[in-house]
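Peer 1: Here is my input, please return the structure:
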Amino acid sequence: LMTHGSAILPSVLPPNLTKELRHSIIELNHAQPPQDQFYIPQHAHRWSLKMGTHNRQLDPNLALPRSLRSIANHPILSKTIKQVLGPNPALIELTAITSEPGAASQEWHYDTYGGGANLRYGRSYTPVYSIFVLLQDTTREM
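Peer 2: Residues are numbered from 1 along each chain as shown. The predicted structure is shown next:
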């Protein structure tokens with residue numbers, strides 16, 4: 001991570017929980033109005049869901065909190081995050097981005113605002129890292 005800026009950890013979630021979480025996120029996508037979602041470029045056929053961790057109506061089996069627990073307890077990921085950020089790292093944003101068939105490719109972009117970075121405001125910002133968890137097998141063509 002510190003050498004290349006990224007790492008790939010296969011099977012962070014067990015397959016059955018991955019399937020449950022994907023189903024819950026799709027249900028939540030359709031239930032959340034577009035104005036309550038994060039804006040993302042090339043947004044046709046794409047959702048950027050702001051997520052709460054407990055919605056029993058749309059996530060009756062609470063797949064999201066169970067998935068977060070599984071991710072946080074993943075032995076390699078947990079150790080890596082603590083080595084980089086120190087003990088007790090905080091989750092500051094939870095978003096699920098879903099693309100349907102027909103969604104245009106997104107242009108290259110930053111996920112954080114460079115003007116508010118820790119190098120410029122060292123006392124009020126800490127390093128931010130993104131963790132992407134794929135909820136289906138993907139191919140280059142996708």
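
Peer 1: residue contacts, the residue lying closest to residue 76 once chain neighbours are set aside?
Peer 2: For residue 76, ignoring the flanking residues on the chain, the nearest one in space by C-beta to C-beta, 6 or more residues apart in numbering is residue 9 at 5.7 Å. Where C-beta positions appear, they are placed from N, C-alpha and C, glycine not excepted. Applying C-beta atoms under 8 Å, 6 or more residues apart in numbering to residue 9 gives the contacts 74, 76, 77.

Peer 1: Take these and write them to JSON lines, including pLDDT, secondary structure and neighbour count.
Peer 2: Listed next are the contacts of residue 9 as JSON lines, based on pLDDT from 0 to 100; DSSP: H, G, I helix; E, B strand; the rest coil; neighbours: other C-beta atoms under 10 Å:
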{"residue": "74", "pLDDT": "90", "secondary structure": "coil", "neighbour count": "16"}
{"residue": "76", "pLDDT": "90", "secondary structure": "helix", "neighbour count": "10"}
{"residue": "77", "pLDDT": "89", "secondary structure": "helix", "neighbour count": "17"}
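
Peer 1: And the residue nearest to residue 76, how far from residue 71?
Peer 2: 10 Å (C-beta to C-beta, to the nearest Å).

Peer 1: Mutual contacts of the two, please.
Peer 2: residue 77.

Peer 1: Mind putting the contacts of residue 9 into TSV with distance to residue 104?
Peer 2: As requested, these are arranged in TSV below (distance: C-beta to C-beta, whole Å):
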residue	distance to residue 104
74	32
76	34
77	31
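
Peer 1: from these, which is closest to residue 46?
Peer 2: For these, the residue nearest residue 46 by C-beta to C-beta is residue 77; the value is 26.1 Å.

Peer 1: Excluding chain neighbours, give the residue nearest to that closest one in space.
Peer 2: That would be residue 9: by C-beta to C-beta, 6+ apart, it lies 5.7 Å from residue 77.
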